[in-house]
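[1] just the structure for this:
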Amino acid sequence: MPRPPAPASVERIRQYVNTLDLETGHDELGTPADAGDWLARHGLPGGDGADQAWLVRLVAFRERLRTLLAARSEDRVPDAAVLRDLATIAGDAPLVAEFCADGTVAVRPAAGSDPRIAFLLADVIRAVGDGSWARLKVCANDACRWAFWDGSRNHSGVWCAMAVCGNRAKGRAFRERSRIRPVRRPSKSRADA
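    Down below sits the predicted model:
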C-alpha cells in the first residue's frame, strides 16, 4: 500500500532531504548548478551567485536535517553537535515575520540574507507550527534513510516503503533467527545403544 502524500507544508522539506539517494549515491545537489536547478524547480531562488561554499552549507543543512529526523524517528535525543550545526546554519539564514493584510503571519528571509536556505528553514518552521513536522520521518533502514511522511493513524511508520525496506528488514531478521536457532538432533533410543 503506497504512503499517503505529505501535506504541502512539509513536502518540500521531504523532497529536499531526499535529494541524496544513499543507496545509489545519486545527489541532486552534486554541483552548484545542480542545486540551483533543484531549487528553481521547487519554487525557491535558484543558483544565482552559487559557489562551492554555498553548496557545502546547503548539503550540510540537508544532512543535519536527515540526522535530526532520524533521531526523532528512533525516539532518541539528537546529538548536540548536530543541534549546534543547525543553529549555526539557521543563524546564517535569518528570518523575519511579515504581517499580512489577511491577518496571517508569514515567515520570510531577512533582507540582505541568502534566501535559499532561509526559505527551507521557513518551511521547517511552518511544518513545526502546523504539526506536520512530527510525522516527517526517516526510514529505519540505515542504507536507505529516505525521508517519508508517516500518515499512519498511530504514527508508527518506520520504513519508507514496507514493500522494499520493511521486507528487507523482515528477511534479515528471519535469516538471523534461522541462523542462530539450535539444530535439534533426534535423540538415540535405548535400542540403538
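[2] tell me who's in contact with residue 20.
    26, 27, 28, 29, 59, 62, 63 (CB atoms under 8 Å, 6 or more residues apart in numbering). Where C-beta positions appear, they are placed from N, C-alpha and C, glycine not excepted.
[3] now swap in residue 120 and tell me
    Contacts for residue 120 (CB under 8 Å, 6+ apart) come out as 12, 13, 16, 44, 61.
[4] next step: those restricted to helices.
    12, 13, 16, 61 (DSSP state H).
[5] host element of the nearest residue to the second one once chain neighbours are set aside?
    Closest residue to residue 13 in three dimensions, ignoring its sequence neighbours and counting by CB to CB, 6 or more residues apart in numbering: residue 123, at 5.0 Å. Take DSSP states H and E as the rule and residue 123 turns out to sit in helix 115-130.
[6] got the CA coordinates for that helix in CSV?
    Below are the C-alpha coordinates for helix 115-130, written out as CSV (Å, rounded to 0.1, in the frame of the first residue of the first chain):
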residue,chain,number,x,y,z
PRO,A,115,17.2,33.4,0.9
ARG,A,116,17.9,29.8,-0.4
ILE,A,117,18.5,28.2,3.0
ALA,A,118,16.2,30.7,4.7
PHE,A,119,13.2,29.6,2.6
LEU,A,120,13.9,25.9,3.5
LEU,A,121,14.2,26.9,7.2
ALA,A,122,10.9,28.8,6.9
ASP,A,123,9.4,25.5,5.6
VAL,A,124,10.6,23.7,8.7
ILE,A,125,9.1,26.4,11.0
ARG,A,126,5.8,26.2,9.2
ALA,A,127,5.7,22.4,9.4
VAL,A,128,6.5,22.5,13.1
GLY,A,129,3.7,25.1,13.6
ASP,A,130,1.0,23.1,11.8
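[7] many thanks, I have nothing further to ask.
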